[in-house]
Structures are given as structure tokens and as C-alpha cells.
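Colleague: Model the structure of this input:
(chains A and B)
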Amino acid sequence: MHVIAMNAMPRKGDILSRRNFLNLLGKGSLAGSALISMGVLVRYLSFQSETSSSTQYDLGLETNYPLGSRITVQSVPATIIHDSQGYHAISLICPHLGCAVKAIGDGFACPCHGSRFLPDGSLRNGPASKSLTILRVETNAEGHLILFTTK
Amino acid sequence: MRRGLILASLLLFVATGFTVLRQSRSLKPVGNTPSLTGQVEYCLTCHADLPVISQSHPVETFGCVLCHGGEPMALTADLAHSTLRGGGNPSDLAVVEASCGGEKCHNGTPQVNRDHIQRVATSLQATYAGAIAQVRYAFGAQPDLTARMGVYAIDGLSAFDPTAESSPAIQSFGMNCLYCHLTAQPMVGDEYSRWSGCSACHSPAPREDGTQVHQLTTSMAYTQCDTCHNRGNYSLLDIQFHPREDAPTDRLHDYYQPIAEFTRCEWTLDCIDCHTRQEAMGDGHIYNNKKEIQYIRCRTCHGTIESLPLTYTIGDENDLAMRLAFLNPKVDLKVGDTILMTDKGELLWNIRMLPGVEGTTPTYELFSKATGQRLTFIPVMGSTCQQQPDQQDARYCHECHATQR
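Modeller: Okay, here's the model as predicted:
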């Protein structure tokens, strides 16, 4: 092992002279700074701001929604209904001020201000003045139910 | 030259490394996009531990900025709070329209019962117009007891300016006695501590040690009202406030200051069990004194020797009574229930007539809005009480029913 004295003259056979060491330190620092800066730049460019809510949801295989079922998907949130008319969905966003309504025994109830809705989403009592929104549901080629929150 | 370059490289490396390290240790933003605004805000980065202020105002729906103002994207306290409305109290009447107002919220709606901000702003509790009129009349500054001035100008009231008064007594009143209206800062002491504006009643009072609770409620205990009421007396002799000097240790003595006798229901219940929304928050009209707006009497619930109290049968689920009972769920009201009603048509949704045999004297049940306690009572009619219909002041009831203190 070679020990380099900082003020000593380089000798033949020394692997790292003082000059080489300083060169290496300078270049290493520059390379390190560049790497860190690149990392920061990549992070900056790949930053994803808060995305707006999706308008389309893959609900999985339609076989998961048997005839007669009413299944709530919290991530939308919506209740998926499969009846003799086919698949349809009721938005669980209260049309009053936008709270998430809860499915109860005889329909839906808003925990914020007390609006209630019948099992088909129609308005039972206010303060909401509109019924829950009916959402479109389609089956794609792979047999997945796709729910659209826009018309 | 070469050494300088190497030194600069080193410094650059240290600086970038330090910056990245510092950045990695800084707060990780916690975003919330409330459904009402659709705008991301980062308040929860620091305030995630705050309890939701009420069931009616979930943070996922309202967020923070809609009510409190502030800079939604800021990650430093100074910047985030630089544009807060009303400091920590967005319900202060100076900013309440921007915070709690709006047609979908608490004003600007065509429904009279929901125009809370306009009603409160013109109420005696906010304008103090009754007290100002009485003091100005007492010291000769106005010819009668008509309310002409409020602590601020509104709806025909001009702003009371003590410095413009010639009477030293009225000037002293302005200096010493304007602590209790809704725009005033309270006197010092936990017993007086309260917020201003809506939160004076609807939020727990902040304590002197700085602790405060993030809560809105329609279930106010009498102690909330007692931060202004029953704390003492204003004397016209020296124009000073004289705090009560007793040290009450039980509810009977704590409720009121020691100046009178009261019936059991007056100190067993909480203030809001009897006094209505219009009495407390006004009805949008200017009144000359408290007696004009405070209209609940014993007969409102107990009737008279000749008549039963007024009742109202809930016709459908959109009834105001159903909404009020939902917001303060102490009684399980149902369509078809018969509740009591005041002379002005205000629904006493916490007092329900019990089913009974037709033709017999009914019994009523009251659920305390503050505690949920259930009490039953009977009307005057059909009882042994001989109170005359024209003797309805509480003093007549106190003759027989007052509790010795």
C-alpha cells in the first residue's frame, strides 16, 4: 500500500500523485454535482401534479357482478347494479354539496346534511334538490365492465 | 487557476449535495382535492391530525381553504397562513360572508331560515343595539328607547361612536361595556373566553393556555352561553362591569348568577333547549331590546289553564324539523310525529307529544339538545295549576315552582 505525502515529490511507481489526486477530486466533484443535478432534473421533469379524477374506470370482469347484485365500488365511488335491464351504476356523490353518500337499507343517505335517495338513486328528501347521477357502464372486448363518470 | 477550478468543483458538489439532502428532509406534501372546489391544497401536510370540524363539513368535500382562506399550495406556515381569513377564526363577522356564506351555504339563499349570516348580523347579540339605546336614553342622548345605533352600521342603524358622545357616562359605557357582542374580543379569563362571530356559540371556547378544539356544533351547553351571560352585571352607577363574586359548585348555582330564583326546568335544561334559533340568532329584523326578540314563555311548552301548547305534525321528510334533528341527533324524529311549535311558528323539534288516549291530557317528552337527556312533562291544562292566562311572566310561575337557592 502506498501512502502519499501531500508535499512529497512524486516518485516513479506512485499510483496517485498529488496532481493526479487533485485532478481526480475536481473531476469527481464535477461529475458528482452533475449526477445529483441530473437526478434533480429527472425528478423535476417526472413530477406528477395532483391528477384530476379519472372519468373512466375498469371495474374488472363482468362475471364478478352477477345478475341481481348491487356492488359498491368505493374508488369511484358508485354502486354497480346488474338487473334484467343490464349493467348500470349510480354515482355516490351527493348532488347537494358533493359528500359521499352511504348505501343504507332502503337506499342511500348523505351523512353530511341528511339528504336521502331511493334504491334507484331518485331523490327522497333534501336538502339535495336532484337525484343521484346515473352513470354509463359498458362491457369491453375483454369482458371487463368499464364505467364512465361523464356522459 | 487550476486550484481555483478544483475548489469551485468541490464547493459545487458540497452545495448540490447539501441542497438535495435538505430537500429530502423537508415535508412531504400531503395533497387534498376537495370535491367542492376541485383545487388541490396542501394544508393537511401539517394539519392532518386535526379532527374533522363537523359531520356536515368533511374535509374531503370542503377542504380547508374554502372556509379558512390561506395559500393552498404553500408548504411553509408563514406563507400558507398569510391570507387566512379572520386569523384562526373564519366565522368572525368581518369575514364571515367570504368564509361561511354563499347561496349553497349559510347566506344568499331564498330560504329565510337558512339566511343565517344576514340574520345574525342584524341580531341584538351582534349589534348590541338594545343596550346602546338604553344607555343613550338613560343619559339623555336620545329621546326614547328606539334602537338607532349598533356597534357597526347596518340596516338603518348607524355606528355607535363613544367619542362623539357628549355624556361622560356614555363614553365610559363605550370604553368599559362593549365586550359581549359578537364582534368584540372577550375580557381576559377562561370564564369569558370565546371566539367571535358564529364560533362564539358554535365552537368550543379557546382556553387561556392556548388549547383549542377544531369543532362546530349545534349542541351547545349552557357553559358556552355563560361566557357572555350570567358572568356579572353592568352598573349604571359607575359604568363598569362587576363580575359575579360567588363560586358556584353545582349546576343550580352555576347556571345563573345569584340574583333570582328559577324553576327546575330553567336550570336543569340547557339554554338552547328552550330558546330558539330566532331568539339567539335574530330573524333579520332590527329590534329595540332583548324582550322584543326573546319571546319564549313557560306557556310555550306548558300551555295555559285554557289551552294546550301549540303543536305541529311533521308532514314529510323535507320538514325543517327533520333537518334540524339530523344535524343534532338527540331525538329520532319520524314523519307523523307531533312536536311543539312557538307562537312565531318555530319548530321545537326536541319536544315531542307522546301518543296517548284521545280526549285525555297529553304528556310531552323533551330531549336536551346539549346532553340528550330525556324529560317528560305535562301541560298546565288538566293539572292542579291555577295560573291565569294573562299572568305569563316567569315570576308568576316562580311563585309556586321556583327552587330555593
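Colleague: What sits closest to residue 36 if chain neighbours are left out?
Modeller: I'll assume chain A. B:T16 (4.5 Å; Cβ to Cβ, 6 or more residues apart in numbering or on different chains). Using the backbone N, CA and C atoms, a C-beta is placed for each residue, glycine as well.
Colleague: meant chain B actually
Modeller: In this structure, B:L36 finds its nearest non-sequential neighbour in A:G98, 5.3 Å apart by Cβ to Cβ, 6+ apart.
Colleague: With B:H285 instead?
Modeller: Leaving aside its sequence neighbours, B:H285 sits nearest to B:T122 (Cβ to Cβ, 6+ apart; 6.8 Å).
Colleague: Let me know whether the one you found touches B:Q278 as I believe.
Modeller: No - B:T122 is not in contact with B:Q278 according to Cβ atoms under 8 Å; the separation is 11.6 Å.
Colleague: domains for chain A, by residue range?
Modeller: Structural domains assigned to chain A are A:1-47, A:56-148, following automatic domain parsing.
Colleague: Tabulate these (JSON lines), appending mean pLDDT and mean neighbour count.
Modeller: Compiled in JSON lines, the domains of chain A are given as follows (pLDDT from 0 to 100; neighbours: other Cβ atoms under 10 Å in any protein chain shown):
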{"stretch": "domain A:1-47", "mean pLDDT": "73", "mean neighbour count": "12"}
{"stretch": "domain A:56-148", "mean pLDDT": "92", "mean neighbour count": "17"}
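Colleague: got the residues of the stretch 1-150 of chain B near chain A?
Modeller: Taking Cβ under 8 Å from any Cβ of the partner chain as the test, the list of the stretch 1-150 of chain B residues beside chain A reads B:2-3, B:5-6, B:9-10, B:12-13, B:16-17, B:20, B:31, B:33-36, B:38, B:40, B:55-58, B:60-62, B:104.
Colleague: if we can go back for a sec, ok, the residue nearest to B:H285 - contacts?
Modeller: B:I154, B:D155, B:G282, B:G284, B:H285, B:I286 (Cβ atoms under 8 Å, 6 or more residues apart in numbering or on different chains).
Colleague: Now A:N140, what are its backbone angles?
Modeller: phi -90, psi -180 (degrees, to the nearest 10).
Colleague: Pull out the buried residues from the helix ranked longest in chain B.
Modeller: Ordering each helix of chain B by length in residues (DSSP state H) puts helix B:2-25 first. Residues of helix B:2-25 classed as buried by neighbour count (16 or more other Cβ atoms under 10 Å in any protein chain shown): B:I6, B:S9, B:L10, B:L12, B:F13, B:T16.
Colleague: Then stretch B:102-118?
Modeller: Of the residues in stretch B:102-118, B:C105, B:H106, B:N107, B:T109, B:R114, B:D115, B:H116, B:I117, B:Q118 count as buried by neighbour count, 16+ other Cβ under 10 Å.
Colleague: The third one and B:E97 touch, don't they?
Modeller: What it means is B:N107. Yes - using Cβ under 8 Å, B:N107 is in contact with B:E97, at 6.5 Å.
Colleague: Which residues are in contact with each of those two?
Modeller: Shared contacts of B:N107 and B:E97, defined by Cβ under 8 Å, 6+ apart, are found at B:I117.
Colleague: Separate out the buried members of the contacts of B:T122.
Modeller: The neighbour-count test (16+ other Cβ under 10 Å) marks B:I154, B:G282, B:I286 as buried among the contacts of B:T122.
Colleague: what's the second one in contact with, if anything?
Modeller: I take that to be B:G282. Contacts of B:G282 (Cβ under 8 Å, 6+ apart): B:R119, B:V120, B:T122, B:S123, B:L124, B:Q125, B:A126, B:I293.
Colleague: helix/strand/coil for B:W349?
Modeller: Assigned with DSSP: H, G, I helix; E, B strand; the rest coil, B:W349 falls in the strand class.
Colleague: Can you get me a residue count around B:G359?
Modeller: If you count neighbours by other Cβ atoms under 10 Å in any protein chain shown, B:G359 ends up with 5.
Colleague: give me phi/psi at it?
Modeller: When read as degrees, to the nearest 10, the backbone of B:G359 gives phi 90, psi -10.
Colleague: Distance check, it against chain A.
Modeller: 34 Å (Cβ to the nearest Cβ, to the nearest Å).
Colleague: near chain A, which residues of the stretch 201-350 of chain B show up?
Modeller: Within the stretch 201-350 of chain B, the positions lying close to chain A (Cβ under 8 Å from any Cβ) are B:D316, B:E317, B:N318, B:M322, B:R323, B:F326, B:L327.
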